[in-house]
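[1] Return atomic coordinates for the entry below.
(4 chains)
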Amino acid sequence: MTQTEFLSSEQEDLRLLRESVRTLFERAGGSDRARQLRDAGGGFDPEMVRELAEAGVFGVAVPEDQGGLGMGLAAGGVIAEEVGRVFAPEPVVSTIGLSLGLLRRLCPDHPKMAQLIGGEISLAVAWQERGPDGAPADATCRYADGKLTGGKAWVVGAIGSHGFLVVAEQDDGPVLVLAEADAQGLVIDKRTQADGSSLGELSFSGTPAAELASSGAVLTALAEAVADATALAAAELVGVSERAFEITLDYIKTREQFDKPIGSFQVIQHRAVDLNVMCEVAQAGVREALAQMDSETDPKVRARLASRAKARAVTAAKKITRDAIQLHGAVGYTDEFDIGLYLNRALVLSAWLGDDAYHRRIWFEAREAEGAAQ
Amino acid sequence: MTQTEFLSSEQEDLRLLRESVRTLFERAGGSDRARQLRDAGGGFDPEMVRELAEAGVFGVAVPEDQGGLGMGLAAGGVIAEEVGRVFAPEPVVSTIGLSLGLLRRLCPDHPKMAQLIGGEISLAVAWQERGPDGAPADATCRYADGKLTGGKAWVVGAIGSHGFLVVAEQDDGPVLVLAEADAQGLVIDKRTQADGSSLGELSFSGTPAAELASSGAVLTALAEAVADATALAAAELVGVSERAFEITLDYIKTREQFDKPIGSFQVIQHRAVDLNVMCEVAQAGVREALAQMDSETDPKVRARLASRAKARAVTAAKKITRDAIQLHGAVGYTDEFDIGLYLNRALVLSAWLGDDAYHRRIWFEAREAEGAAQ
Amino acid sequence: MTDWNAMTDAEFRKEVRQFFEAEYPEELRHLPHRPKFAEIEHWHRKLHAKGWVAPAWPAEFGGMGLNAAKLLIFYEEQQRWGVNRGRDMGVQMVGPLIIKFGTQEQKDYWLPRILSCEDIWCQGYSEPGAGSDLANLRTRAEIDGDDFVINGQKIWTTMAHDATHIFMLVRTDPDAPKKQQGISFLLAPMDQPGIEVRTITTLSGETEFCEVFFDNARTPRENLVGELNKGWTMAKALLSFERIFIGSPSLAQNALGQLESFARGRGAFDDPVFRDRFAQAALDVEDHAALYARFADQLKRGETLGADVSMLKIWVTECFQRITELMIEAAGPDGGSIGPLQVGNVSVDVLSSFYKARPTTIYGGSNEIQRNILSKAVLGLPG
Amino acid sequence: MTDWNAMTDAEFRKEVRQFFEAEYPEELRHLPHRPKFAEIEHWHRKLHAKGWVAPAWPAEFGGMGLNAAKLLIFYEEQQRWGVNRGRDMGVQMVGPLIIKFGTQEQKDYWLPRILSCEDIWCQGYSEPGAGSDLANLRTRAEIDGDDFVINGQKIWTTMAHDATHIFMLVRTDPDAPKKQQGISFLLAPMDQPGIEVRTITTLSGETEFCEVFFDNARTPRENLVGELNKGWTMAKALLSFERIFIGSPSLAQNALGQLESFARGRGAFDDPVFRDRFAQAALDVEDHAALYARFADQLKRGETLGADVSMLKIWVTECFQRITELMIEAAGPDGGSIGPLQVGNVSVDVLSSFYKARPTTIYGGSNEIQRNILSKAVLGLPG
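    Numbering: from 1, shown residues only, chains lettered A, B, ... in the order given. I've put the predicted structure just below:
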């Protein structure tokens, strides 16, 4: 009897999805492709976006009646892990989690939905703002008379996107609007990140934008979409960690010092074991959290689960990629070896949507609130 | 040229003091003596107290014009380190730091001073109180008409002491009083600790006591005495750590597994190095903090230095004694080997007067306050 | 006879849970120490009457015949309700060995006595000087007429002072080329002049462990189980299920529950730094449980577990230690005090938990040994 | 000529501090990268005019002739004010070697050119495939008439693309019984067809390190320093002072200062968890400085430092890494962003500090190698 005989059909679907996405990325050139794109300026490959769309990647967590595959966040996590393994620069997690996460909750009939699922366009979500001390601050960006004024910060995928889903304030509360990338009065300040990607700092001066949704539902949907993206970023970090560990394990098996492989030194062996264990714990914990999010409807519980996933994934990825550099020795510090790319990607994904200390705090507070509510 | 030629006379004095105290303890039986006293019920040896007094131990930090040696806290630290090395149960740190620390600041002419310095008596200081949740709470113990009512908790050296220096409240503020050990209406509830010592929980019902000092000076002197005792407890922990490390190092050199000494395994070697480094950092940091306390008059700065010392010493002692058990393997878990005694002493000294997390908080707050005051 | 394996997992869990909750004596829940048999005899009688003493044994020998999936549920419920495992060395260790390698006579004689606890067993594996190098054992057994004559010493023999019999690994061929060879598996009665038991006092003052001295102790030749000089392989073969069991989250989960009620009672959660460290520990346990579930699923699918299952033990024992260290921190000035500490209507013995966590990284193959094994058997590292 | 050693420590410190504060260009303070010579040439001229280029060299060769105590003060002040060390490989490495082992001709020719920076030196020790096993070097030098002919490759040669000369360890006797033997110390001009330099791009995108390829490169036989095949011992002898220098608290202290102003500006101190971790890091640096002072006192008393001085490097580099990791945490959503981050009127390049801290646990003998050394040479552990 084979192993798969005993896998549930759901698990089997995920296994097939993982295989097809992995094959797709490998055929495209794996991590070499990502390195080339980075060296060419940090953009992504629109052709790849279309191929991913054909494989059903972007609509994976969109319900079937909205044009998606309806496979849930667990399937999104499988894809995100594969993205992490080859650090593909395409806006996969931000599209599944943020832009489609917002649209499918607020305006599922909007034509942009189908375009996003089809990989024809990408939309960046602009919701955070920077305060005078440089840290995140309350939203002040205004929308009135069809025009945006103010600014947004830390916009992932700002470069190369066809437009922005902007969460702004209007007189009677929050609003979600769509500004085209070439809209008047929109200035995008680009900030390069460690992995070659960039964050946009947007400023709007009377920039025309179309209203998509308003009222309290906007913030609820935003919180849900952010939770989805947080959990998916965790899954991507799991992929980053796994691949970084594999590369390092290969390296210590072959690299010789004092006439034997460094992987024969007990200290190196035990450290490798600890990284391996951490990696497996992270994979198990993150996958479980995503699966539970799929069977959970309470947004507060879903947010707690997302925090659990991100806290674990960041802790593991930081430790694994940093130790990986140390285990590589001097060559780990060069750009020639892939391991540095994983370190840099881990830096970027850890900083995005909150690091481990942040999410432990959120997790604990959510747990206390649930306990008090019972 | 010898090394000592270049030591300052101050350093030379400390070296001589260390030698004489170490010899005294070794002659008395070192750690074996302490083990016997523990097995006999956890008391201390009054004869040893007198010998220590003869060596000038108790009055070491008392100014010369008050009948002490005037060598400061740095010298007290030297003694405390030696106490830690053999985990002597005599009330050395509590006498130097707390009882004499209080009396010399509040009533240096009191006849008990000379008796304490002379090792004729010991006095326990009762200043903390336990709240309804079991945690430390504000003081409510009252002193009126020459009588005490209420309770005190966590009194070190309560068993075997000749009396209690009690910090209580009276109508016009705090007061320091002396209650004899056999005073009427005094009940001592004994709580055994991991190292065989005990803490007293005192309750007073109209217990007669003599006023020694009153007004705000009592709390100032108490804070200073607690800072002294905290720093000395740190020094004692340094002694505990050093000796625990030495014992462990000896053990891993001789204990064989898989036909070679376990100290020949690289993982064990590196762990031993890390414990050694931690030990040396703790020794250097604690000694420097105590020396700086001697040349510092601002009580706030002195308290910060004491917190620096205790934070470091607790972190080091916890790590070193716990890893020492692991490095000993199963035998470390038996009472036959001395290493467990050091683990237990480290537990007790870490819990006394605040652990590392507590003192890091205090240290940071003091540092902020100093920064704000500048 | 009930076919437990035919039930759904949920049905079976319900059945087990109901029995424990209805029948297990309240005062024995979450016992902080290992009981002598007299202390739990009453419960053992109930269990015996129910036929539940040996969940893993085949039904034909008086067991419940549970498959791996049901067995895990049984243990999960046992731990959840704080049901003491009792004096289960006979059921867990000797029984399976006799069932697998014993003669018909041995089965007929010993198995019922294990179930009834007429015989109470202790395990003689460890020796002074062997430690993690378990095969390095020196206790000798020589054939003398109809008996084996045993000389040597065992150590860390749990509850030997309350056992009627000992099973042990002894060296029967001192000239075997490898030290794993020439070892046999032997049963012996404790009540004889050649055996002396001394308890070991641990650093927490407890006396559950013993040293057992053999000075020309005797046991009949028919008390050899399996082939002569093949004891090592036999004993190893039985450790497979134990390897996931020793990595179960239950010890850490229970400690975390204790930590939480204690910290809440003491107001330790007012401190954000403590909250962060609690959250770390709680998430460490939660994510460990997810990994444990992955391995348990493997078992439930009927797969054999690989050497990688040892990672559970490494993670959870170190996690357990950190949790008990947090308890000590939460205890503040009581952190060095022996005995239960009262908070509200719970009482937590902080030091006892701390001590209990210490040897978990040493026994069952120290975590250093586990890391050696993982690095070679799982990661394929050389040397 | 001033006898600096005759001054009190306080006088000397004041003198040095005043000169740095008055003369060192503000825009060069705390440079985040290693400068090319042109960038700091103006400052070098000032230093040269003052006679302060080589604090450790004896006065007869144009140095300041400082003893260990004064030397430490000099470096402490240099670091405190953020004075760049300049292109000091000549002064720190080649000069002392020539002074100790060189011929009179070598001294007369090379030393003044080092002081004036007419020659700018780079260090050719590391090779690909050698790593921590430094003696495992394969670059060959063979005598051919009046020249050595050099073939092979060096790596991690800092700023080789801005150097006029290289000093290196090369293998001159491939048949020597131990790999530490048969190594010689050689000087060579960079400007020749047999030498090719390629910069290495690090993971932070910087290009301070180089590979140097030797393809029948030539250098006159008189550029051998010391005896043939004795280069290893000579090079090792000079590392003694470096061993305390590499463990100095300054890098960590500077990083801590940056962390504090950044965290304050960003409001990170509002978070008690961050405060606790900052306090840990700050106390780690403070207590390290106390230990450093103990070793420095030893030097000041004229004692030789033992192998235990390496513990400074282990502690401080790992501490430095933790501090830069805290910077990234304090940066929140900017934690992955390249370049300076503005807070109030300070600007901190968080990622650059993080990257700078990474190789400190690798270079100068990786921390793993240091632990090997300490375990044997200091703790006396076997094997």
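[2] Could you report the neighbour count for the residue in the stretch 51-200 of chain A that chain B sits nearest to?
    The stretch 51-200 of chain A approaches chain B most closely through residue A:133 (17.9 Å), counting by CB to the nearest CB. C-beta: built from backbone N, CA, C; applies to glycine. Using other CB atoms under 10 Å in any protein chain shown, residue A:133 has 15 neighbouring residues.
[3] check contacts around it.
    By CB atoms under 8 Å, 6 or more residues apart in numbering or on different chains, the contact list for residue A:133 reads D:265, D:266, D:267, D:343, D:344.
[4] which SS state does it fall under?
    coil (DSSP: H, G, I helix; E, B strand; the rest coil).
[5] which sections of the chain are below the confidence cut-off?
    No chain specified, so I'll use chain A. Scanning chain A for pLDDT under 70 picks out the ranges A:1-7, A:374.
[6] Switch to chain C, please.
    C:1, C:132, C:239-241.
[7] thinking again about what came up before, any idea how far residue D:332 is from the residue of the stretch 51-200 of chain A closest to chain B?
    Residue A:133 sits at a distance of 11 Å from residue D:332 (criterion: CB to CB, to the nearest Å).
[8] which residues are common contacts for those two?
    Counting by CB under 8 Å, 6+ apart, the common neighbours of residue A:133 and residue D:332 are residue D:266.
[9] Among the contacts of residue A:133, which ones are in strands?
    Members of the contacts of residue A:133 lying in strands (criterion: DSSP state E): residue D:343.
[10] Compare the contacts of residue A:133 and tell me which has the most neighbours.
    Among the contacts of residue A:133, residue D:266 has the most neighbours (other CB under 10 Å), with 24 neighbours.
[11] which of the contacts of residue A:133 are close to chain A?
    Applying CB under 8 Å from any CB of the partner chain to those, one finds that D:265, D:266, D:267, D:343, D:344 fall near chain A.
[12] Which pair of the contacts of residue A:133 spans the longest distance?
    Using CB to CB, those span at most 10.9 Å, a distance reached by D:267 and D:344.
[13] who are the neighbours in contact with the spatially most central residue of chain C?
    With distances taken as CA atoms, centre = their mean, residue C:246 lies nearest the centre of chain C, 7.3 Å away. Applying CB under 8 Å, 6+ apart, we find residue C:246 in contact with C:312, C:313, C:364.
[14] One more: residue A:131?
    Applying CB under 8 Å, 6+ apart to residue A:131 gives the contacts A:137, A:138.
[15] Give me the distance between it and residue A:139.
    Distance from residue A:131 to residue A:139, by CB to CB: 11 Å.
[16] How about residue C:326?
    Counting by CB to CB, the gap from residue C:326 to residue A:139 is 38 Å.
[17] Repeat that for residue C:382.
    For residue C:382, the distance to residue A:139 - CB to CB - is 57 Å.
[18] what's the answer for residue C:63, then?
    Taking CB to CB, one finds residue C:63 at 65 Å from residue A:139.
[19] Stretch C:22-32 vs chain B: in contact?
    No. Residues of stretch C:22-32 contacting chain B under CB under 8 Å from any CB: none, with a closest distance of 15.9 Å.
[20] Now do the buried residues in that stretch.
    Buried residues in stretch C:22-32, counted by 16 or more other CB atoms under 10 Å in any protein chain shown: C:24, C:28.
[21] From one end of it to the other, what's the distance?
    One end of stretch C:22-32 sits 21 Å from the other (CA to CA, to the nearest Å).
[22] try stretch A:46-60
    19 Å.
[23] Remind me what the helix or strand encompassing residue A:279 packs against, helices and strands.
    Using DSSP states H and E, the element containing residue A:279 is helix A:266-294. Applying 3 or more CB pairs under 8 Å, 6 or more residues apart in numbering or on different chains; DSSP states H and E, one finds that helix A:266-294 makes contact with helix A:72-85, helix A:216-254, helix A:299-328, helix B:266-294, helix C:272-300, helix C:310-330, helix C:367-373, helix D:367-373.
[24] Name the stretch among these that sits most buried.
    Comparing those by mean neighbour count (mean count of other CB atoms under 10 Å in any protein chain shown), helix A:72-85 ranks first with a mean of 27.
[25] Beyond that one, next helix or strand please.
    helix A:92-93.
[26] quick one: is that following helix near chain D?
    No. On the criterion CB under 8 Å from any CB, helix A:92-93 is out of touch with chain D, staying 14.3 Å away.
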